[in-house]
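Enquirer: Here you go, sequence then predicted model.
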Amino acid sequence: MEILLAIMIGVLYAAGIYMILRRSLVKLILGIIILGNGANLLIFLLGRVVKGSPPIIPADSDVFQSVYADPVPQALILTAIVISFGLQSFAIILIKRAFKVVKTDDLDEMNAIDKDS
Amino acid sequence: MLIAILLGFVFSLFLVFTGKFFKGKFSILAAGIPLALFVYFAQFISRISNGEVISQFHSWIPAFGVNLGFTLDGLSLLFSLMITGIGFLVFVYTSAYLKGHKYLDRFYGYLSMFMAAMLGLVLSDNLISLFVFWELTSISSFFLIGFNNTSRESRKSALIALAITGIGGLSLLVGSLFLGSITGTYSIAEMLTMNPEIASNPYYILVVALIFGAGFTKSAQFPFHFWLPGAMKAPTPVSTYLHSATMVKAGIYLLMRLTPVLGDHEFWNTTLIIVGAITMVYSAIHTLFRTDLKGVLAYSTISALGILVFLIGQGTVDALTAAAVFIIVHALYKATLFLVTGIIDHQTGTRDTTVLRGLRKVLFPVAIAGFLAALSSAGIPPTIGFIGKELTYESTLHFGNMAILLMVLIVITKILLLYAGFVAGIKPFTGSLPERFEKTKMPSFLMWLPPVILAVGCLVFGIFPGLIEGSLVKPMVSSMGLDESDIHLKLFHGFNVILLLSVITIALGTVLYFKLKPTKKLEAWIAKFEKFSPQTIITNSWAFFFKFSNGWTNLFQNGYLRNYVSTIMIFLIALTGYSLFSKANFAVDFNSFSPITVYEAATSIVMLIAIGYTVFTRSRLAAVASMGIIGYAICILFVIYSAPDLAMTQFSIDTLTVILFVLVLYKLPKYLKLSDYKMRIRDGVLSIAFGTIITLLILEVLAEPKSSEVSDYYAANAYILAHGKNVVNVILVDFRGSDTMIEISVLAIAAIGVFALLKLRLKKSDQR
């Protein structure tokens, strides 16, 4: 299964980069989100994946008795997801405001406007 | 001695707070500082002339061998006396020259800072501290040249001067470091005995070249001379003090100081003679074409500096004696001429030699000063200038097989300098007084007394050369490591070749003065050659460099995000790809991977379709929706691979993002197809290449064993230490609790930002 995940991560990265290279501001943000998802999965996979044994200590003992999923990458990803939500929501609202002012979501045109003023 | 040096710095700092006091009537009090220092240094004369060397040592950064060691010997004594003595006169002069100027306090601050730096320079025994003071003189010179900071020309000249002398400073630093690593010390006194070792070192030539770089830029030698005429934009007291009497002699000082360390070597002597000769003749010729008094003086100063370098290059006892005397001669007459020029400028409002005439009738004492200084500069007896010239001729005449050529060059230079001196010191005062100058008033005695004092010095030291022979000249020559016992300064040496040459010089120079009148036409004619001058070449290469770096910057910093991203990606792919393919061996063990189940395969296919749809759809809303599907697919993967917390977070965040997007997006126009086909292919290739690299990288990493110390610690202690059974939660809220708190603050800031943007109401005028 790891091989499939590795390929999926590659695809997510490729799609993310491709979207970032577009001229539309909305696509840019979608690209960043997809890239972020890819990065999360990458961290997750490199911590090695385990099926059916979450990092939760069984109720009847103080320590793990058998194999368990690595909790550290999970903690990292959890933080990353929440932070990226902060970034995304701010960026989305910024697009809205920017569109209201400059009436375009084309990055190149925004450049041109910047030069004029 | 340290206190004496720091006094100037302290005073300039002190002026920051008491500026108002010194700006007004009491500005003359500022001159007390250099006067006190002059007296302080003068009391050492008798001890130094008895051959004593006074040293002081203060530790600064002993670990690097950098210390504040100060040495007062013949050489530094002469310079200290010049710095403080002329400094005193200039301070007095300034109080009248810039009377009531808005920034007089600032001016005194720079001036005393410069004085302190210059004293530190000539007294430092440690090469590194010498470098520090050297740079301080450059910086204070920058402020002083640009003192009229509202004038564009002033600012430009100040920058050029700083650039040129700054390059020299760096060269001095590197040279000093080399010298330090060759000799194992930065103390000049300790290097004195190591001359043979240094000369035989393979880096000798490089060290000397670097030291020359410093000396030539500071002392305005060809081809770095051009900053000095530009520096004449500074107020005249500055030109007098820094750009004639003291700072430009710092390069000369450095060469003299290092003569016993680096000198007596063919490369040293030949280079100095050639550069000095070119400089003295080149700029002496330039004086013929100037109509601005200060321009004449600037070029004659460069020429005089050339003579000094030329003499140091000869390196004989005669030559260095001549150099020592000529430093005194030049400081006296050139400072006088500058001060006289300043008075003329101040009182008449012009420095144009073609209109200035007959001023003796209105500025009599100034005329006397100018006249005496001109005589001294021409080397006419009984001024000290005559002695200086005779010594120069004598040493050149006895210098090896090139003597005839060098003799011709030095005589030509002296003839031209005589002309320059006469133009500056005599011409404005002779002839009939034009009507426009009839109302010219005498300046305050504070202004005319300093040049008169200096001019009288020219005469007195000439008639009684014994005054400086034992006290200044002999100790100075001996501190350059030479035997001084045969030196005797006198006016009349008997009838010989040298006297004949002197007569020829004076005669030809006088003829030149009466025949050639400086005119605007000549000045315009020489300006045609400006194209080939070092100044033009260097400023053009600067301009080229600016253009080049502009183009370079525009190439990379072109303002298009996608270009930045593609550049970064291309390099990332190339570098990572290269090391991946050249170093890794792709030992992927497929057996170690778990088998693919139907759930995973189905989730992956859904995700793949969603990704494809997000990328290629024309509708924004569809793109956002399918991006949501990607998120949910990842969510399912988290569930399958035992990460319930992640799954829950991903699910809620993803939902929120999609809702937010949709709320905002309904207002935006439809997607437009902005990129053409070619661009899409290019970007597609780039991104697929990047994705492939990432996949390969992952497989490569998966083949490596994993270290799980950290995870094991958390897993083992989650319940025991933190009393939580969900290890991920325990890490977030307990082990790394403060990280989480900061994360929450970040979110709060983002929320405030979102709120502010939503509530922002732009004024009509700000909207387009």
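Expert: Done, it's in.

Enquirer: Not counting its neighbours along the chain, what's nearest the residue nearest the centre of chain A?
Expert: In chain A, the centroid-proximal residue (C-alpha atoms, centre = their mean) is residue A:36; its distance is 1.9 Å. Once flanking residues are discounted, residue A:36 sits nearest to residue A:84: 4.7 Å by C-beta to C-beta, 6 or more residues apart in numbering or on different chains. Every C-beta, even on glycine, is put in place using the N, C-alpha and C of the backbone.

Enquirer: Kindly report the same for residue B:89.
Expert: Using C-beta to C-beta, 6+ apart and skipping the chain neighbours, the partner closest in space to residue B:89 is residue B:450 (3.7 Å).

Enquirer: Run a quick neighbour tally on the one you found.
Expert: By other C-beta atoms under 10 Å in any protein chain shown, 28 other residues sit near residue B:450.

Enquirer: cool, residue B:202 as well?
Expert: Neighbour count of residue B:202, defined by other C-beta under 10 Å: 7.

Enquirer: and the helix or strand hosting the residue nearest to the centre of chain A, what other elements does it pack with?
Expert: In the assignment (DSSP states H and E), residue A:36 maps to helix A:25-46. Here helix A:25-46 touches helix A:2-20, helix A:71-102, helix A:107-116, helix B:598-616, helix B:620-640, helix B:644-665, helix B:677-702, going by 3 or more C-beta pairs under 8 Å, 6 or more residues apart in numbering or on different chains; DSSP states H and E.

Enquirer: in it, what counts as buried?
Expert: Residues of helix A:25-46 classed as buried by neighbour count (16 or more other C-beta atoms under 10 Å in any protein chain shown): A:25-42, A:44-46.

Enquirer: what does stretch B:479-492 give?
Expert: Buried-residue list, stretch B:479-492, by 16+ other C-beta under 10 Å: B:479, B:480, B:482, B:484, B:487, B:489.

Enquirer: Report pLDDT for the nearest residue to residue B:271 once chain neighbours are set aside.
Expert: Spatially, and ignoring its direct neighbours in sequence, residue B:271 is nearest to residue B:212 (6.4 Å; C-beta to C-beta, 6+ apart). For residue B:212, the model assigns a pLDDT of 93.

Enquirer: hang on, residue B:212 in a helix?
Expert: Yes: membership of residue B:212 in a helix is supported by DSSP: H, G, I helix; E, B strand; the rest coil.

Enquirer: Can you report how many residues neighbour it?
Expert: 24.

Enquirer: Now do the same contact list for residue 30.
Expert: Picking chain A for this. Taking C-beta atoms under 8 Å, 6 or more residues apart in numbering or on different chains, we find residue A:30 in contact with A:19, B:614, B:623, B:624, B:627.

Enquirer: should've been chain B
Expert: By C-beta under 8 Å, 6+ apart, the contact set of residue B:30 is B:11, B:22, B:91, B:95, B:108, B:112.

Enquirer: Same check on residue B:504?
Expert: Taking C-beta under 8 Å, 6+ apart as the test, what residue B:504 contacts is residue B:411.

Enquirer: Skipping its backbone neighbours, what lies nearest residue B:453 in space?
Expert: Closest to residue B:453 by C-beta to C-beta, 6+ apart is residue B:89, at 6.5 Å.

Enquirer: That neighbour is in contact with residue B:456, isn't it?
Expert: No: judged on C-beta atoms under 8 Å, residue B:89 makes no contact with residue B:456 at a distance of 12.0 Å.

Enquirer: re the thing from before, going by distance to chain A, which of the buried residues of stretch B:479-492 wins?
Expert: residue B:480 (62.4 Å; C-beta to the nearest C-beta).

Enquirer: Identify the residue nearest the closest one in space, chain neighbours excluded?
Expert: Of all residues not flanking residue B:480 in the chain, residue B:259 sits nearest, at 5.0 Å (C-beta to C-beta, 6+ apart).

Enquirer: Tell me the helix or strand right after whichever helix or strand that neighbour is part of.
Expert: Applying DSSP H and E as the criterion places residue B:259 in helix B:249-262. Later in the chain than helix B:249-262, the nearest helix or strand by DSSP H and E is helix B:266-287.

Enquirer: Need the contact partners of that next one.
Expert: Against helix B:266-287 from outside (C-beta under 8 Å, 6+ apart): B:204-205, B:208, B:212, B:216, B:220-222, B:225, B:255, B:262-263, B:296, B:299-300, B:302-315, B:406, B:409-410, B:412-413, B:416-417, B:419-420, B:423, B:526.

Enquirer: Pull out the buried members of those.
Expert: Burial by neighbour count, 16+ other C-beta under 10 Å: within the contacts of helix B:266-287 this picks out B:204, B:208, B:212, B:216, B:220-222, B:225, B:255, B:262-263, B:296, B:299-300, B:302-315, B:406, B:409-410, B:412-413, B:416-417, B:419-420, B:423.

Enquirer: Among these, which ones are in helices?
Expert: The helices, defined by DSSP state H, take in B:204, B:208, B:212, B:216, B:255, B:262, B:296, B:299-300, B:302-314, B:406, B:409-410, B:412-413, B:416-417, B:419-420, B:423 from these.
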